[in-house]
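Colleague: Sequence first, then the predicted structure, then my questions.
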Amino acid sequence: MASKIPVVVLAATGSVGQRFVQLLDQHPWFEVVALTASERSEGKTYQEACNWLLSTPMPDWARSMPVLPTHPTGIQAKIAFSALPASSAKDIEPEFARAGMAVCSNAAAYRREPDVPILLPEINAEHIHLIPAQRKNRGWDGFITTNPNCSSTGMTIALRPILDQFGVKRVFVTTLQAISGAGYPGVASMDILDNVVPYIGGEEEKIEWEPRKMLGKVQGDQIALADFRVSAQVNRVPVVDGHLVCLSMELEKKTSPDEVIQALRAYQLPELCQGLPSAPQPPIVVMDEPNRPQPRLDRMRGDGMTTTVGRVRVDPLLDIKMVVLSHNTIRGAAGGSLMNAELLVKTGFVK
């Protein structure tokens, strides 16, 4: 690429915003030209405004950057990476889309909109074809794409080859979700230490609906939802990063665990994803050990972008069950939006 594409990170001081800054450091295609945050941080340098939480140092280029208001005026960027909370994203993200930017959002605000794709390029890159309809419907020069809920991410990637080869009727999901998914400061230590919290507001509804949109088919200017049902139970557990998802599935075509493992291992990135800097290769890794995957040991596989599957076996009530791990703040958040942006560049939606 002759010159890097200018990008802005919205809500850059929060935990997901920091992950964007970390992942964009020395990115081969993108250059951060602006960082935004809330009013209390405006006018400060990023170093002054940000309580850096990640284990790698704050990039040198970010330290002295001024924190700007979260408004497109004066920001010369082509892509806006949004780490905004959903309540703010609803009003703010369209401002950047109207200003001509491609908004790659981690927020849930627009996921249910029929003309807004929830992208996981490994499995539904063709959903970018909703973008022209979105622009036409809303009169925007830019557009919004979203990545899914952090627990929906890994399970949906794992479901893709299973749905394609065997069909899926019903899915029962139990999640064990890391505390970083709650942001910072997140769950109080006295609530999570020596404990499991069996509730995360709004999470079960997202997991029960989002995979059906992501695995659905483009029909005209919207997505026809995939025809299976999902039941979810969610839990917050005392793990820093990495969401485990326990899946039990009823399939349309009866099969064996070995055949499911073979389908998962054979799954390859679609042609549209070949060459994307953040794309994991392979997208899915299946482990044979009886006690894997584990968050601490396996969450950074593929630089945190790989979906790891283990314990594939017969389910005595349904058909097949397994455990899926994905890194919630990389593949399930900032890294997901970053890969979406790379796909938009490769397909010409961002130039």
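Modeller: The structure has been received and is ready for your questions.
Colleague: now do the same end-to-end measure for stretch 217-234.
Modeller: End-to-end distance for stretch 217-234, by CA to CA, to the nearest Å: 27 Å.
Colleague: what does stretch 250-261 give?
Modeller: Terminal residues of stretch 250-261 are spaced 16 Å apart (CA to CA).
Colleague: buried residues in that stretch?
Modeller: With burial defined by 16 or more other CB atoms under 10 Å, the residues of stretch 250-261 counted as buried are 250-251, 255, 257, 259-261. C-beta: built from backbone N, CA, C; applies to glycine.
Colleague: Check stretch 186-197 too.
Modeller: 187, 192, 197.
Colleague: okay, it in PDB with CA atoms only?
Modeller: Taking Å, rounded to 0.1, in the frame of the first residue of the first chain, the C-alpha atoms of stretch 186-197 are listed here in PDB:
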ATOM      1  CA  GLY A 186     -15.900  -3.600  35.500                       C
ATOM      2  CA  VAL A 187     -17.100  -6.100  38.200                       C
ATOM      3  CA  ALA A 188     -16.200  -5.200  41.700                       C
ATOM      4  CA  SER A 189     -13.600  -7.500  43.200                       C
ATOM      5  CA  MET A 190     -15.800  -8.500  46.100                       C
ATOM      6  CA  ASP A 191     -18.400  -9.700  43.600                       C
ATOM      7  CA  ILE A 192     -16.200 -11.800  41.400                       C
ATOM      8  CA  LEU A 193     -13.400 -13.200  43.600                       C
ATOM      9  CA  ASP A 194     -14.200 -16.700  44.800                       C
ATOM     10  CA  ASN A 195     -17.400 -16.400  42.800                       C
ATOM     11  CA  VAL A 196     -19.400 -16.800  39.500                       C
ATOM     12  CA  VAL A 197     -22.100 -14.300  38.600                       C
END
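Colleague: Give me the mean pLDDT for that stretch.
Modeller: Average pLDDT, stretch 186-197: 97.
Colleague: One more: stretch 258-268?
Modeller: pLDDT averaged over stretch 258-268 gives 98.
Colleague: which residues touch that stretch?
Modeller: Residues outside stretch 258-268 that contact it (CB atoms under 8 Å, 6 or more residues apart in numbering) are 158, 160-162, 164-166, 282-284, 286, 309, 312, 320, 322.
Colleague: can you check stretch 209-221 too?
Modeller: 111-112, 114-115, 118-120, 123-124, 126-127, 129-130, 133, 137, 148-149, 152, 155-156, 159-160, 163, 171, 223-226, 228, 230.
Colleague: Give me the buried subset of the residues you listed.
Modeller: Buried among the contacts of stretch 209-221 by 16+ other CB under 10 Å: 111, 115, 118-120, 123-124, 127, 130, 133, 148-149, 152, 155-156, 159-160, 163, 171, 223, 226, 228, 230.
Colleague: Show me where the protein dips below the pLDDT cut-off.
Modeller: The chain contains residues with pLDDT under 70 at 1-2.
Colleague: got a list of what T70 touches?
Modeller: 10-11, 36-38, 84, 88, 92.
Colleague: ok, now C246?
Modeller: C246 neighbours (CB under 8 Å, 6+ apart): 173-176, 321-324.
Colleague: Can you flag which of these belong to strands?
Modeller: Within the contacts of C246, residues falling in strands by DSSP state E are 173-176, 321-324.
Colleague: Pick the one among the residues you listed closest to G304.
Modeller: V324 (14.6 Å; CB to CB).
Colleague: buried ones in whichever strand or helix holds R212?
Modeller: If you go by DSSP states H and E, R212 is part of helix 203-214. Judged by neighbour count using 16+ other CB under 10 Å, the buried positions of helix 203-214 are 203-204, 206-214.
Colleague: Can you tell me which of these is nearest K346?
Modeller: Nearest member of the buried residues of helix 203-214 to K346, counting by CB to CB, is M214, at 19.4 Å.
Colleague: Roughly how far does that closest one sit from F96?
Modeller: 23 Å (CB to CB, to the nearest Å).
Colleague: Just give me the longest helix of this structure.
Modeller: In the chain, with assignment by DSSP state H, the single longest helix is helix 150-166.
Colleague: May I have that one exported as CSV, CA atoms only?
Modeller: In CSV, the C-alpha atoms belonging to helix 150-166 read as follows (Å, rounded to 0.1, in the frame of the first residue of the first chain):
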residue,chain,number,x,y,z
CYS,A,150,-17.9,-11.0,22.2
SER,A,151,-19.5,-14.3,23.2
SER,A,152,-21.4,-14.7,19.9
THR,A,153,-18.1,-14.4,18.0
GLY,A,154,-16.3,-17.7,18.7
MET,A,155,-19.4,-19.8,18.8
THR,A,156,-20.6,-18.5,15.4
ILE,A,157,-17.3,-19.0,13.7
ALA,A,158,-17.4,-22.6,15.0
LEU,A,159,-21.0,-23.1,13.9
ARG,A,160,-20.2,-22.1,10.3
PRO,A,161,-18.7,-25.3,9.0
ILE,A,162,-21.1,-27.4,11.1
LEU,A,163,-24.1,-25.6,9.6
ASP,A,164,-22.7,-25.9,6.1
GLN,A,165,-22.0,-29.6,6.2
PHE,A,166,-24.6,-31.0,8.7
